[in-house]
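[1] What follows is a predicted protein model with its sequence.
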Amino acid sequence: MSQPIRLGIIGAGAIGKVHLETFAKVGAESVYVAAITDAYLPLAAQRAEEFGIKTVHENPQALLEDPEIDAVVVGVPNQFHAPLAIEALKQGKHVLLEKPMAIDAEAARTIYEAQKASGKVLMMAQQMRWTGINRAIKARVENGDLGRIYNVKTGWVRKKGIPGWGSWFTRKDMAGGGPLIDIGVHMLDLSLYLMGNPKPVSVYGSTYAEFGPERRGIGTWGTPNWDGYYDVEDLATALIKFDNGATLSLDVSWAAHAAGMSQDPFIHLMGKEGGAALIGSDGKFVTHAGDEVIESNIEPLEGEEDRVLLSKHFVECINEGKEPISSALSGYTNSRILDAIYESSRTGNEVKLNWD
């Protein structure tokens with residue numbers, strides 16, 4: 001049996017704590033947290049005491065240079081994803097990287113290239129791929145129940161949920177954008193995964209900031225900084241075309257007067273032979289039998305919780321040299337689409353994606 005992976009956590013905040021709780025469930029025989037750091041060291045020390053972590057490093061560089069660390073979790077504001085992930089790879093560490101991959105597509109590309117050069121595992125922490133219902137929908141797709149998927153509608157429309165007004169969440173220089181890059185990336189990533197990862201070739205989109213600049217639509221996540229500012233969108237909409245002819249429409253918001261719309265994340269997959277939908281935590285399937293429309297529920301697959309399965313997959317990929325299902329390429333692809341939506345909104349034009 002291989003030795004357990006020695007893990008370092010960069011970022012002791014809310015998402016860092018989630019990873020600490022999750023890896024504790026995976027089991028110390030396969031992986032354990034050996035070190036932690038945070039920009040606010042007292043918080044790192046608190047987490048170390050809570051979770052029995054041996055070492056608190058004074059900064060990320062010290063943790064990344066620690067020869068006792070095999071892999072790291074990067075759970076910090078978006079602007080720091082690229083420099084930390086790239087340095088981790090250079091130091092020979094495997095990386096579990098929180099979404100989005102980076103603040104923009106250019107930074108994401110540098111991570112992708114660093115991963116290819118390093119030969120190390122870099123996995124995007126896209127936990128929605130691992131829920132029981134989404135694994136069940138993926139199984140129906142792979143079984144051929146939908147046939148060729150040619151149109152998808154997806155989104156996550158919150159009516160009042162702007163996080164941490166004035167903090168890094170609402171600053172473009174630190175986050176890269178608003179709900180599109182925050183929660184939209186989840187729906188984009190999951191949709192592409194369920195579609196079989198077709199290659200995006202063109203994007204048309206628009207973004208709007210109707211609530212945030214007026215300090216309306218504030219949610220409960222994050223800590224507001226009323227001395228800060230808001231220069232990101234609070235709603236985005238886009239149409240994406242793929243090399244196989246399929247289309248995907250995306251709608252996402254932190255705050256919107258979305259009358260009659262559910263605030264649950266949704267995906268509607270429309271295939272030639274059948275259709276499947278995710279609506280919150282529910283799954284639906286539809287097909288035709290002659291002239292009759294047949295609708296049924298999709299039951300979630302049994303198994304451990306999503307983040308535990310994600311974390312176990314990360315460990316498995318390290319031990320077996322496998323490419324993660326949420327690979328560096330998938331993160332880069334997501335970032336290219338997000339950038340294209342912002343560019344299309346700025347210019348009013350369709351954006352073509354060249355993959356040469």
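    Received it, and whenever you're ready, just let me know what you need. Numbering: from 1, shown residues only.

[2] Now the nearest residue to W156 once chain neighbours are set aside, what are its backbone angles?
    Nearest residue to W156, sequence neighbours excluded (CB to CB, 6 or more residues apart in numbering): P265, at 4.3 Å. All C-beta spots, glycine's among them, are computed from the backbone N, C-alpha and C. Dihedral pair for P265: phi -60, psi 150, per degrees, to the nearest 10.

[3] Is P265 in contact with S281, as I believe?
    No: between P265 and S281 there is no contact under CB atoms under 8 Å: 9.2 Å.

[4] Between these two, which is the more surrounded one?
    A count of neighbours by other CB atoms under 10 Å puts P265 above the other of P265 and S281, at 20 against 12.

[5] Quick check: that one vs P83, distance?
    30 Å (CB to CB, to the nearest Å).

[6] which of the residues in the helix or strand bottoming out on mean pLDDT in the chain are buried?
    Least confident helix or strand, the chain: helix 172-175 with a mean of 94, by mean pLDDT, DSSP states H and E. Using 16 or more other CB atoms under 10 Å as the burial criterion, the residues of helix 172-175 that qualify are 172, 174-175.

[7] now do stretch 211-230
    Neighbour-count burial for stretch 211-230, with 16+ other CB under 10 Å as criterion, is recorded at 211-212, 217-219, 222, 224, 228, 230.

[8] in the strand or helix carrying F23, what counts as buried?
    F23 is part of helix 14-26 when elements are defined by DSSP states H and E. Buried positions in helix 14-26, judged by neighbour count with 16+ other CB under 10 Å: 15-20, 22-24, 26.

[9] Stretch 305-314 too?
    Applying 16+ other CB under 10 Å to stretch 305-314 flags 306-314 as buried.

[10] Now do it: everything it contacts.
    Contact with stretch 305-314 is made by 18-19, 22-23, 25-26, 30-31, 71, 94, 96, 121, 123, 125-132, 303-304, 324-326, as judged by CB atoms under 8 Å, 6 or more residues apart in numbering.

[11] now it: mean pLDDT?
    The pLDDT scores in stretch 305-314 average 98.

[12] try stretch 136-155
    For stretch 136-155, the per-residue pLDDT averages 98.

[13] And the contacts of it?
    Contacts for stretch 136-155 (CB under 8 Å, 6+ apart): 129, 184, 187-188, 190-191, 193-196, 245-252, 265-276, 278, 283, 285, 287, 298-301.

[14] Alright, that wraps it up for me.
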